[in-house]
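Undergrad: next one to model:
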Amino acid sequence: MVKLYEPAGYKALSASEKEACCNGCGSKGLGGWLVPDSIWGLNITDVCNIHDYMYSRGTTLQDKEYADRVFLNNLVRKIDDNNKWFRFLRRRRALKMYWVVKTFGEAAFWDNKV
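TA: Modelled structure (predicted):
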């Protein structure tokens, strides 16, 4: 079982607190429906939930950039811990997902912040 990076606050969340800030891959609403929670059959919901948590707690652009780097790092860890036959394809998809959150994630990061 792969060890993902999880901020201390994420580990301490109750189920209801996690549900309030985390929704798997994609943004809440229609965007969540369009973005799959898996890469070539590998479930990555936990990686996306950690990223959601970090976005919900972040307050600076540096926090967003750090959350995005943790997202990519956790994706690579999860991919490398699984079936080597799909590793190349999964890594390509992971890099695309990272590019999307890095490039277009600012609206989601700043949502509900003062």
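Undergrad: when you work out contacts or count neighbours from here on, use the C-alpha atoms and nothing else.
TA: Noted.
Undergrad: for the protein, longest helix please?
TA: Determined from DSSP state H, the single longest helix within the chain is helix 61-80.
Undergrad: any idea which helix or strand comes after that helix?
TA: Downstream of helix 61-80, the next assigned helix or strand under DSSP states H and E is helix 87-104.
Undergrad: could you list every helix and strand in contact with that following helix?
TA: On a contact count with 3 or more CA pairs under 8 Å, 6 or more residues apart in numbering; DSSP states H and E, helix 87-104 meets strand 38-39, helix 61-80.
Undergrad: how about the helix or strand following it: buried residues?
TA: Per DSSP H and E, the first helix or strand lying C-terminal to helix 87-104 is helix 106-110. Applying a neighbour-count criterion of 16 or more other CA atoms under 10 Å, one finds 108-110 buried in helix 106-110.
Undergrad: got it, and stretch 97-107?
TA: Going by neighbour count (16+ other CA under 10 Å), the buried part of stretch 97-107 is 97-98, 101-102, 105.
Undergrad: now pLDDT and distance to residue 4 too, for those, in JSON lines please.
TA: Output for these, formatted as JSON lines (pLDDT from 0 to 100; distance: CA to CA, whole Å):
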{"residue": "97", "pLDDT": "96", "distance to residue 4": "17"}
{"residue": "98", "pLDDT": "97", "distance to residue 4": "16"}
{"residue": "101", "pLDDT": "95", "distance to residue 4": "19"}
{"residue": "102", "pLDDT": "97", "distance to residue 4": "20"}
{"residue": "105", "pLDDT": "93", "distance to residue 4": "21"}
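Undergrad: give me the distance from stretch 48-57 to the chain's centre.
TA: Relative to the centre of its chain, stretch 48-57 is centred 7 Å away, using CA atoms, centre = their mean, to the nearest Å.
Undergrad: revised request: answer the last question for stretch 64-80.
TA: 7 Å.
Undergrad: wait, residue 94 sits on residue 73?
TA: No: counting by CA atoms under 8 Å, residue 73 is not a contact partner of residue 94; they are 9.6 Å apart.
Undergrad: neighbour count: these two, which is higher?
TA: Neighbours of residue 94 and residue 73, each counted by other CA atoms under 10 Å, are more numerous for residue 94; the result is 20 against 17.
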